[in-house]
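**Student:** Got a predicted structure here, sequence first:
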Amino acid sequence: MPAFLTIVVALIVIYASSLAYVLLQNLRKAKKSGFPYIIIPWDQDQFVWMVMSVPLRPWLRKNLPKWIYDRITLTIFGNEFYEGLEPYNQYAAPQGNDKSFALVTVGNFEIITRDPEIVTEVLRRVKDFQQVELTALFMGKFGQNVMTSDGDAWTRQRKVVASTINERISRTVFNESLHQTEGLLDEVLSNHSQGETNRIFDMMKKITINVISGAGMGANVEWKDAANEKPRPRFKMTYIDAVKQVLQNVTGPILLPKWFLANYPSFLPGYHNLNLLSYAMEEFPTHTWDLLNRERQRGLDAHGETRSNIIAQLLQANQQGDEEKSSTKALSDDEVMGNLFVFTAAGFETTVNTLSFALVLLCRYPQWQEWICEEIDHIMPADSSQELDYTAIFPKATRVLVCMLEVLRLFAPLIRISRETKVAQTIQTSRGSFYIPPKTTVYMNTGAVHIDPAVWRNLNLAEGEKKSEHDELLFRPTRWLNPPTESQPIFQPPKGSYVPWSGGPRVCPGQKMAQVEFTAIFLKLLHQHRIEAVPLKSASGDLETRAQIESRLDARMKDSIMTPTLQMNSIYDVKDNQDKGLNVRLTKRR
Ligand code: HEM
């Protein structure tokens, strides 16, 4: 054999042996862990696979033999949305535990769980189960922050962040969301009693960005003005445009180095986006510092009177941290910038996608829309010009809130929550004790947790509602309403059974803010209008039947992808005459 060939063969043998060694190591770990396990001789951590497998999934499903696809899908990011409880029933249950399993691959050792006891423990023990390193790569781009840190640095930042998003912010978010939704209604209806748009999801994005800007950064923007605003001298972009550009790229291109973005050739695809991103990356921090300094000056001018926006509350909380005993409690400049960025980024896609799924669901199930309108008519003044008071209205909007809880149960934006161990851990549960080796990633499968029949099936059936063998998969907001005999009007899920906002000490600090925003938007939208999907016309001119509209909307929701939050394909960035978005009609109802 020629020497060259010998070297090639030797390299292949060495490579194959190293993979076999990792596989055997992982098998040993799986056996010791006490979890059921699945062997998949594949490296799920290869960068190319991680990126390409998500869009390739439908093709793989169609073309691979089922026994291969059923395994390989478990290595694809976001498989949780498509596979439901199937992997647990198919692989874990026959091994005696249908709640968790370990993945034995040639990559990292992983445990995947829908066990509420394990979910609770992992989320509670923040020192034992830490943030995965990938989070820092994406979310730490503008500075370290509460989401990218662990240990003492996290405790210190979390204290400041938690006191920043308070009830004053909720009131501002409520008012700003109402105001922005009014802008949307004016645009779609333009003084008529009916109006149509296929850009309703883009409008939800616009509301969310404008609310973040106004209630978050104290930079209020009017619905109509946003398009006409010019960049300030020395800037290429307005603050809103810079935020938009950064947020749209936060889960991918934002990782690219600045020099690459700035020098990306104009003849290659994606130039326009990357070119704008290079300006946005440069200008977003400058804009944010300007807003911060402006707010600081306003505080000085007002002799310490703080305004009700996040930036002002953060400055105040940071100040208090300074005064308490040691200066180490306050945030560094880098952390201030990092946390202001994370408030913007963490709350954006999550909130927008929840709003978008809710809109489609309310068009799909007009009966639930009617049910919400019934409550709205009861709690809202008939006169739409009357000012709405957050403290008076928000607590009464129970049906809108449970509608959001139900949307998040079926379409949680973060369908998996990940943690890593640095050193070995054990977890005691009613099923026994489990060993988690060092450097293990634990994936908590929110999607599967939320459809556990033992918790959700036929829960709180109202009068006239029938039992169903797949009720947990249905959109039925009444499951959240306890009978009047219970002390709590809204169902409190058992620990670890409902985690769209995560849980434990690291639970999302923006939970209330998102609830207030969602409620205000739907209160305003449905106060005097109803929303429906416009029927499509076939080639022969026939209008879609109701059944056809329903299957189209079901297909719309099913056609979703993790980006890394769960979102429907092709619903955003709609230009005129494009087959994107969803054509909806708003009609005055009173
Ligand atoms: C429907 C809307 C939202 C959902 C479903 C959601 C969900 C989540 C989840 C699951 C986590 C935990 C992530 C992990 O640990 O891996 C989280 C963390 C976080 N969220 Fe939210 N979020 C929402 C809105 C918001 C908003 C509006 C804000 C800010 C204003 C926000 C700020 C944060 C921050 C700062 C963290 C990190 C907390 C920490 O690590 O201590 N979120 N969110």
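**Tutor:** It's in. Numbering: from 1, shown residues only.
**Student:** for the ligand, what are the nearby residues on the stretch 101-250 of the chain?
**Tutor:** 146, 147, 158, 161, 165 (C-beta under 6 Å from any ligand atom). Where you see a C-beta, it was placed from the backbone N, CA and C, and this is true even at glycine.
**Student:** let's see 8 Å
**Tutor:** In this structure, the stretch 101-250 of the chain approaches the ligand at residues 131-132, 135, 145-147, 149, 154, 157-158, 161, 165, 212, 216, judged by C-beta under 8 Å from any ligand atom.
**Student:** can you list those residues in CSV and add pLDDT and neighbour count?
**Tutor:** Listed next are those as CSV, based on pLDDT from 0 to 100; neighbours: other C-beta atoms under 10 Å:
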residue, pLDDT, neighbour count
131, 95, 18
132, 94, 15
135, 86, 15
145, 94, 27
146, 95, 25
147, 95, 25
149, 95, 21
154, 95, 22
157, 93, 25
158, 94, 17
161, 91, 24
165, 89, 23
212, 91, 25
216, 88, 27
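**Student:** how about those residues, which pair is most distant?
**Tutor:** Greatest spacing in these, by C-beta to C-beta: 132 and 216 (26.1 Å).
**Student:** Looking at the stretch 251-400 of the chain, which residue is nearest the ligand?
**Tutor:** residue 347 (2.6 Å; C-beta to the nearest ligand atom).
**Student:** quick one: residue 515 and residue 404 touch, right?
**Tutor:** Yes: Residue 515 is within contact range of residue 404, at 6.3 Å (criterion: C-beta atoms under 8 Å).
**Student:** Strands of the stretch 151-300 of the chain, residue ranges please.
**Tutor:** Secondary structure of the stretch 151-300 of the chain by DSSP state E, counting those that start in this stretch: the strands cover 194-197.
**Student:** what about stretch 505-512, distance to the chain center?
**Tutor:** Here the centre of stretch 505-512 is set off from its chain's centre by 13 Å, with C-alpha atoms, centre = their mean, to the nearest Å.
**Student:** Point out where this structure drops to low pLDDT.
**Tutor:** 1, 226-228, 304, 320-329, 576-577 (pLDDT under 70).
**Student:** where along the chain do the strands fall?
**Tutor:** 37-39, 100-104, 110-113, 129-130, 194-197, 416-421, 425-429, 432-436, 441-445, 529-533, 560-562, 566-568, 584-588 (DSSP state E).
**Student:** Give me the neighbour count for residue 439.
**Tutor:** Neighbourhood size, residue 439 [other C-beta atoms under 10 Å]: 13.
**Student:** Apart from its neighbours in sequence, what residue is nearest the residue in the stretch 151-300 of the chain positioned nearest to the ligand?
**Tutor:** Minimum separation of the stretch 151-300 of the chain from the ligand (C-beta to the nearest ligand atom) falls at residue 158, amounting to 5.1 Å. Of all residues not flanking residue 158 in the chain, residue 146 sits nearest, at 5.3 Å (C-beta to C-beta, 6 or more residues apart in numbering).
**Student:** Tell me who's in contact with the closest residue to the ligand within the chain.
**Tutor:** Per C-beta to the nearest ligand atom, residue 510 is where the chain lies closest to the ligand, at 2.1 Å. The contact partners of residue 510, by C-beta atoms under 8 Å, 6 or more residues apart in numbering, come to 165, 343, 346, 347, 350.
**Student:** now, among those, which is nearest to residue 186?
**Tutor:** residue 347 (25.0 Å).
**Student:** Leaving out sequence neighbours, find the closest residue to the closest one.
**Tutor:** residue 510 (4.7 Å).
**Student:** Next one: the one you found from residue 37, what distance?
**Tutor:** Look at residue 510 and residue 37: by C-beta to C-beta, to the nearest Å, they are 36 Å apart.
**Student:** cool, residue 250 as well?
**Tutor:** Taking C-beta to C-beta as the measure, residue 250 falls 34 Å from residue 37.
**Student:** Repeat that for residue 197.
**Tutor:** Going from residue 197 to residue 37 by C-beta to C-beta gives 50 Å.
**Student:** which residues does residue 566 contact?
**Tutor:** 78, 81, 353, 411, 412, 413, 414, 415, 560.
**Student:** Contacts only, for the nearest residue to the first one once chain neighbours are set aside.
**Tutor:** Read that as residue 78. Distances taken as C-beta to C-beta, 6+ apart put residue 562 closest to residue 78, at 3.0 Å, once the chain neighbours are dropped. By C-beta under 8 Å, 6+ apart, residue 562 lies in contact with 54, 77, 78, 81, 415.
**Student:** repeat that for 10 Å
**Tutor:** 54, 57, 76-81, 251, 413-416 (C-beta atoms under 10 Å, 6 or more residues apart in numbering).
**Student:** out of those, which is most surrounded?
**Tutor:** Comparing these by number of neighbours (other C-beta under 10 Å), residue 415 comes first, having 26 neighbours.
**Student:** list the contacts for that residue?
**Tutor:** Residue 415 sits in contact with 77-82, 443-450, 500, 560, 562, 564-566, where contact means C-beta under 10 Å, 6+ apart.
**Student:** got it, and residue 147?
**Tutor:** 131, 135-136, 138-140, 154, 157-158, 161, 338-339, 341-343, 345-346, 506, 508-509.
**Student:** The same query, at a cut-off of 8 Å, please.
**Tutor:** 131, 135, 139, 342, 346.
**Student:** With respect to residue 224, which of those residues is nearest?
**Tutor:** Closest approach to residue 224 among the contacts of residue 147 (C-beta to C-beta): residue 346, at 28.2 Å.
**Student:** can you give me the helices for the stretch 351-500 of the chain?
**Tutor:** Along the stretch 351-500 of the chain, counting by DSSP state H, counting those that start in this stretch, helices occupy 366-379, 390-393, 398-410, 446-449, 453-456.
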